[in-house]
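With the sequence up front, the predicted model follows.
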Amino acid sequence: MKTAVITFPASNCDRDARMALEKVTGRPAQMIWHRESEIPSDVDFVVIPGGFSYGDYLRCGAMAARSPIVKDLVEKANKGLPVAGFCNGFQILTETGLLPGALLMNQGLNFVCKPQKLRITNGNTRFTSGYGSTQEVVYPIAHHEGNYYADDATLNKLEKEGRVLFKYVGNPNGSARDIAGICNKAGNVFGMMPHPERAVDPLHGGTDGLNFFKSIIESI
Amino acid sequence: MKAIVQIGLKPGVLDPQGRAIARSLSDLGFEEVTAARQGKVIELDLTGEDAGTAEQRVTEMCEKLLANTVIESYSVKIES
Amino acid sequence: MKAIVQIGLKPGVLDPQGRAIARSLSDLGFEEVTAARQGKVIELDLTGEDAGTAEQRVTEMCEKLLANTVIESYSVKIES
Amino acid sequence: MAKAIEITPEIVAEHGLTPEEYQIILDRLGRAPNMNELGIFSVMWSEHCSYKSSRRHLGKFLTKGPRVIQGPGENAGVIDIDDGDAIIFKMESHNHPSYIEPYQGAATGVGGIMRDVFTMGARPIALMNALRFGEPTHSKTKTLVSGVIAGIGGYGNCVGVPTVGGETNFHKGYNGNILVNAMCVGLARADKVFYSAAKGVGNPIFYVGSKTGRDGIHGATMASAEFDDDSEEKRPTVQVGDPFTEKLLIEACMELMATDAIIAIQDMGAAGLTSSSVEMADKGGVGIELNLDDVPQREEGMTAYEMMLSESQERMLMVIQPGKEQLAFDIFHKWELDVAQIGVTTDTGRLVLNHKGDVVCDIPISPLADDAPNYDRPHVPTDKRDEVKAETIALTDLNAALKTMIGSPDLASRRWIWEQYDRHVMADTVDSSQSGGDAAIVRIHGKNKAVAITTDVTPRYCYADPHEGGKQCVAETWRNLTCVGADPIAITDCLNFGNPERPEIMGQFVGCVEGMNEACRALDYPVVSGNVSLYNETNGQAIPPTPAVGGVGLIPDLQHFATLAGAKEGDALILIGETTGWIGSSIYLREVGGSEDGAPPPVDLALEKLNGDYVRQLIRARRVHAAHDCSDGGLLIAATEMAMSSGIGLQIDRPAGNMALSGWYFGEDQARYLLAVDENSVNPILSTADGKGIKASRIGTFKGGRMTSNDGLDLALSDIRAIYEAWFPALMES
Ligand SMILES: Nc1ncnc2c1ncn2[C@@H]1O[C@H](COP(=O)(O)OP(=O)(O)O)[C@@H](O)[C@H]1O
Ligand SMILES: [Mg+2]
C-alpha cells in the first residue's frame, strides 16, 4: 500500500494530507514535487492537496492542471489509479476535466472557514463505504472559490449515476444542488471542497474524516 | 505586438461578483445601473510580426489555459 | 445602453498574476509571450439615452467604487 | 545624475530631517551628501527605523529571563520551549498603509511580519492580529473593515499559515487612523537560529525573492509622518503583496537554512535594501559594497536612489558562505525565485554603492546607526481621574443590560472576521477564535506540547491612566495564557501612539511603557521583541494610546489544558479573585451609562500572580473543565461567553451583599477568573484557595438552556447568542 501527495508551488495542505495518510496507512506518504514528470508506478493512491497552487492566479487550479505531473496523473487516473483532490485539489481535478463542472467564487464573496456538516449521499462507493450507516459527518471547510457549478444536464447525470457522494447540510458557498463532493464515472477519481484530511485528529478538527481514508485504502 | 484577451462568464453562469457590484452601485445612488458583469482582461506582449498567426496562437492559449470553457467565453484582439 | 469599464494596475505596480500567467504560458510552449498583465472588465447595463451623461456617471462610479485609484487606472467606453 | 543635485534646505526637509540632524550628517561626512546618501540617512534616521523618540524608554523593559534566547534587537524574539525547540515571534504595525489601501496594506503587513520570523530560521506556525477601527457609524469604517480582513485572510490563507486569533475594537478615536497590528509565531530548532550580523570580508551578498520596483518609495518616512487631509492624494505608490512568492520564499529559505550556507540573513522590510544592508553591516562591524546593476529590477531605468529606498515586498538579503554560492543558486532556482549576488562584505566599515560605472554612495556605516538621533522628548503625565462608584450607576433590568452589552461593538461576536481566516491549515490548531477562548493553542508539530498565543490591550484604560493601562495589557495577556493552562513565557508588543512631539502624547507613551515594564517584572514575563508606531494622528487628533501586547506561553503536556468550551451540564461555576464592583472606564459605563469617565481598575500584580498561578495549577491537575478570565464587560459577560461556547445555560447565584448590581455583574476588577468544575471539586478548590489567601467562591451552576440569576436575569441562551452573532453581519451588510 503506497500513497502519494503531489505538491505544487504554494500547495499548503500537503502536510495535512501527508499526516492523514500516514495515520491511516501507518506508512509515510511519498511527496511528489510538481516538476517530476511521472507518478511512480507502485503508487496506489494519490492525493492532490489543498492550498493556493500558483497563488490561485488566473483561476484556482488552472496552472497546476497544466503541469507535466498532472498530465501523467490524468493518464493514470484514466486507467483506474485512485485519486482524490481536496479543496484546491478538487479545483485542479475539474480544471483537468477528470471531474465535470467548475468552482466559482463563493456566493457570499468571502473566504469561508468553518466546520461544515455534510450528508453522505452515496455510501456505496470506494470513498464512502467505510461510513456504514453513518449519514452525516463534519469536515472543516476553508475556501474562497468553492461554489460548484455545472450545467443542468451534467448535474442530472451526476445525481442519476450516484456520483454525488457528499452534499452540504446548510449550503456555505452557493454550490449547485448543495453538492460538496463528486466522483468520475469509473468511481476512482473523487474531489470535494471540504477537508477530510483535517478531520483525523481529536485535538484538531475531529475524527470524522478517518473513515473516508479507510474506505479508499481498504478498497485497494 | 499586443494581444488583448477578454474573458467573461458564459450567459447562464451565475456571477455573484457582478451582482454585488450592481447592488453596491445602486446603493450609492447610481440607480441607472440595471445589471453588472465582471470579467477579466489579459494583455499579452508578443514577439512576432504576423497578426494572423498571433491571433491563432492566442486563441490556442485561451483554449489551453487562459479560459475555462466550461464556464467562460473569451475574445481575442490583436494590436500592433 | 451598455458601459464597458476596463480596470488595470497602474504602471509600476506589481502584478503578480500577470507574471505568473506569462511564466505559465511560456512553460506551455508559448514562447512568444514576453509579458502579461491581468486586469478586470466590468460591463454595466444602464438605463437612459444620453451617452455623454452615461460616460460622466460611469466615471463617477469608477472613482467611487469600481476602481481602486490608489493602484488602478481605468477607462470607460459607452456602447449603445 | 544624483550627485549633481544640490541639497537645499527644502530637500532636507522633504526627507523628514531637521536642520540639526542634517548638520550632524555634514559633520560626519565632512562634506555634503549626495541625494542617494541623503535618502539613506533619511530612512535610517526616520522614526520607524531609528526609534528616535522611543529608544531610551524601551531600554527600560525587562528583556531577559531563563527562557529568553534572543531579546529585542533582532528581527524577532526567540524563546526556549524545551526539547531543543524554540519559538520566534514578533508583532508589527501596518497602520498607515492599511488606512490608505486596506487590502494591500493589511496583506503586506502580514507578509512583513512573517518575513521577520522566518528570516531567523523559524517556520511560521501561527498568525494573530490586533485591529482598531473607528466608530461603526463612521463613513469609512465598513470599507476599512472589509478590506483589512480580506487582506489579512488573503495573505495568510494563501501562504498557508493559520490565523488563530486576535482582537478588534471600535472607537471614534480611530476614525482617522486605524490600527492594523499583525503578529507571527514561528517554530525553529534552538541551535538553528539565524541572525542578521554580517561577518567576514569578501563574502558574497545575495539578493533573493521578488524583483525591485518603485514600490512605496519613502514608505518608511511616510510611516513616521503625521497625516493631514491631503495625504490620500500625495501618497506614493502602495506596495502590493504577493503571497505566492512569499510561500516560495519561505520554502526556499527553509531548504537553504537546513544547509550551512548562510552566514547572515535579513529580510528587506521598511526602507528595503538600505536598512537591511546597513543593519547587517553595522551589527557585524563590517563594510558592504553593492553593485546596484545586479539588483533584479522590475522596471527600466531605476535610479540608485529608487533601488535603495524601494519597499518592494518579498525580498531577503543574505551573506553566503564562500563556496556555497552554487548551492544557494540551485535552491532558489528550484523555487523559481529571482536571485543574484549583488555585492560583498568588506573591511572598510563603509557602505559603497556602484551603479552604471559610478560610485553613487560612499559613507561610513557606523554614524548611520550610532549617531542616529535619540531624543528625550518632553513628557507630561496624564492627570489622574476620579473613581466612579458603582452605587451611582443604576442597574434595574439585568435582561436588557445583558442584551445591550452582548450586542455592543466591542463585545459582539467576531465570527464575521475569523470565518475568513483559515484557522486549521498545518493541522496543528488545537483551539482558535472558533471557541472564543482567551488564547489560541497551536501544537508543536509531531509533539504532545503546544504554544498558547494571545493579543490584548484595553485602550480605554490606557487613555484614562497610561500607567495602570500599561500594567493591565501585560497582565491580561498573562491571564489569558493562564486560562488555557499555559506557562506564560514572554511578550512582544506594538506600541501605537500619536505625535511624540506633543508632551501629553509622550506622557502617554512613557506612562504605558513604565506600567508595562512593572507588570513584566512582577510576572517574570520579559519583552523579547516589539515595534513602535507613532504619529497616529490626523489633524491634531491622536488615537487613544494603544500598546498592543502579544503573549506566548507553553503548554508542556496536551493532556492538561483548558478552553472556554468545556463546561458540562451540572458543573459548578467558581469565581477566583476579588470583586469590588469597579465600574470606572468599563464597557458597561460606556454602553449603558453613556460615559467614558472614571479611573480604570487598578492592577494588583501580586494578586494577579497569586490567583493566576492557582488557576494554572488547577488546570494542570485536571480539575477545570473550562476557564475564562473576567475582562471587557466583567463577570456576567465572561460567564455568558462560557455558557455560549459550551452550549449550556447557567444559573448564577449572586452571594448576599450590598454591592451595587452594576458593579457585581459588569464591574471590571482585574485578576479574576471563572472556572467550570465538577461539583465534587468545589470544596477542595475553595478550601485550598482559602489556605493560600485567595478569594474564591461558588457563584453558579451550568444547566439547561437559559441564563438565569437570583436578580431576575432570565434569557434563553439561544436568544443571547442571536444578538451576539447579529451585530457584525448587520454592520457589514448595512
Ligand atoms: N481580528 C481578529 N482575528 C481573529 N480572531 C479574533 C479577532 N478579534 C477577535 N478575535 C477572537 O475573538 C475572541 C474574543 O476576543 P477578545 O474579546 O479580544 O478576547 P479576550 O478579551 O478574552 O482576550 C478571541 O478568541 C479572539 O481570538
Ligand atoms: Mg481574555
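Done, it's in. Ligands and ions are numbered 1, 2, ... in the order given.

contacts and neighbour counts: CA atoms only from here.
Noted.

For chain D, what is the nearest residue in chain B?
In chain B, the residue that lies nearest chain D is B:Asp27 (10.1 Å; C-alpha to the nearest C-alpha).

quick one, phi/psi of that residue?
The phi and psi values for B:Asp27, taken as degrees, to the nearest 10, are phi -60, psi -30.

Show the pLDDT at it.
We note a pLDDT of 88 for B:Asp27 in this prediction.

and D:Leu62, what is it in contact with?
Contact analysis of D:Leu62 by C-alpha atoms under 8 Å, 6 or more residues apart in numbering or on different chains lists D:517, D:520-521, D:525-527.

Helices of chain A, residue ranges please.
For chain A, the helices defined by DSSP state H occupy A:14-25, A:62-65, A:68-78, A:88-96, A:152-160, A:210-218.

The last one: how far from the chain's middle?
With C-alpha atoms, centre = their mean, to the nearest Å as the basis, helix A:210-218 stands 13 Å off its chain's centre.

So which bits of that helix are buried?
Buried residues in helix A:210-218, counted by 16 or more other C-alpha atoms under 10 Å in any protein chain shown: A:210-217.

before we move on, the earlier item: out of the helices of chain A, which is the most enclosed?
Scoring the helices of chain A by mean neighbour count under mean count of other C-alpha atoms under 10 Å in any protein chain shown gives helix A:88-96 as the most buried, with a mean of 28.

which other helices and strands contact it?
Applying 3 or more C-alpha pairs under 8 Å, 6 or more residues apart in numbering or on different chains; DSSP states H and E, we find helix A:88-96 packed against strand A:45-48, helix A:62-65, strand A:83-86, strand A:102-104, strand A:189-192.

quick revisit: what about the residue of chain B closest to chain D, how many neighbours?
Using other C-alpha atoms under 10 Å in any protein chain shown, B:Asp27 is surrounded by 10 other residues.

of the contacts of D:Leu62, closest to chain A?
Nearest to chain A among the contacts of D:Leu62, with distances taken as C-alpha to the nearest C-alpha, is D:Tyr525, at 28.2 Å.

Not counting sequence-adjacent ones, nearest residue to the most centrally placed residue in chain D?
Centroid-nearest residue in chain D, with C-alpha atoms, centre = their mean: D:Met91, separated by 3.5 Å. Leaving out its chain neighbours, the residue that sits closest to D:Met91 by C-alpha to C-alpha, 6 or more residues apart in numbering or on different chains is D:Met183, at 4.0 Å.

need the contact list for that neighbour.
By C-alpha under 8 Å, 6+ apart, the contact set of D:Met183 is D:89-92, D:110, D:113, D:127-129, D:550.

Which of the helices or strands spans it?
D:Met183 belongs to strand D:179-189 when assigned by DSSP states H and E.

which helices and strands sit right next to the next helix-or-strand element following that strand?
Sequence-wise, the next helix or strand downstream of strand D:179-189 (DSSP H and E) is strand D:204-209. If contacts are counted by 3+ C-alpha pairs under 8 Å, 6+ apart, strand D:204-209 sits against helix D:243-257, strand D:315-320, strand D:338-346.

Let me know the angle separating the last one from helix D:243-257.
Same thing as strand D:338-346. Here the directions of strand D:338-346 and helix D:243-257 differ by 50 degrees (axes from the mean of the first three to the mean of the last three C-alpha atoms, to 10 degrees).

Which pLDDT value does the model give the closest residue to chain C within chain A?
Nearest residue of chain A to chain C (C-alpha to the nearest C-alpha) works out as A:Tyr57 at 5.2 Å. pLDDT for A:Tyr57: 94.

For it, which residues are in contact?
For A:Tyr57, the contact set (C-alpha under 8 Å, 6+ apart) comprises C:16-17, C:20-21.

Point me to the residue of the stretch 51-200 of chain D nearest chain B.
When scored by C-alpha to the nearest C-alpha, the stretch 51-200 of chain D has D:Thr143 as its residue closest to chain B, at 11.9 Å.

distance of that residue from chain C?
For D:Thr143, the distance to chain C equals 10 Å [C-alpha to the nearest C-alpha, to the nearest Å].

can you tell if the lengthiest strand in chain B touches chain C?
The longest strand of chain B (DSSP state E) is strand B:33-46. Yes. Legend: contact between strand B:33-46 and chain C by C-alpha under 8 Å from any C-alpha of the partner chain is shown at B:33-46.

buried stuff in the next helix or strand after that strand?
Toward the C-terminal end, the helix or strand that comes next after strand B:33-46 (DSSP H and E) is helix B:51-61. Of all the residues in helix B:51-61, those buried under the rule 16+ other C-alpha under 10 Å are B:51, B:54-55, B:58-59, B:61.

got the contact list for the residue in chain A positioned nearest to chain B?
At 5.6 Å from chain B, A:Gln107 is the closest residue in chain A, using C-alpha to the nearest C-alpha. With contact taken as C-alpha under 8 Å, 6+ apart, A:Gln107 is in contact with A:147, A:173-174, B:16.

Repeat that for A:Asn173.
Counted by C-alpha under 8 Å, 6+ apart, A:Asn173 has contacts A:105-108, A:146-147.

cool, and D:Pro602?
By C-alpha under 8 Å, 6+ apart, the contact set of D:Pro602 is D:468, D:669-670.

now the lowest-mean-pLDDT helix or strand in chain B, how far from the centre of its chain.
Scoring the helices and strands of chain B by mean pLDDT, DSSP states H and E places helix B:16-27 at the bottom, with a mean of 91. Taking C-alpha atoms, centre = their mean, one finds helix B:16-27 lying 18 Å from the centre of the chain it belongs to.

List the buried residues of that helix.
Judged by neighbour count (16+ other C-alpha under 10 Å), helix B:16-27 contains these buried residues: B:16-23, B:25.

okay, among the residues of strand B:33-46 next to chain C, which ones form the most distant pair?
B:Thr34 and B:Leu46 (37.6 Å; C-alpha to C-alpha).

tell me the residue furthest from the middle of chain B?
Using C-alpha atoms, centre = their mean, the residue of chain B lying farthest from its centre is B:Gly29. It sits 27.1 Å away.

Once you drop chain neighbours, what's closest to D:Glu518?
D:Lys471 (6.6 Å).

I'd like to know which elements the helix or strand where that neighbour lies is packed against.
Using DSSP H and E, the element containing D:Lys471 is helix D:466-483. Here helix D:466-483 touches strand D:450-456, helix D:459-464, strand D:487-496, helix D:503-523, strand D:546-555, helix D:605-620, strand D:624-629, going by 3+ C-alpha pairs under 8 Å, 6+ apart.
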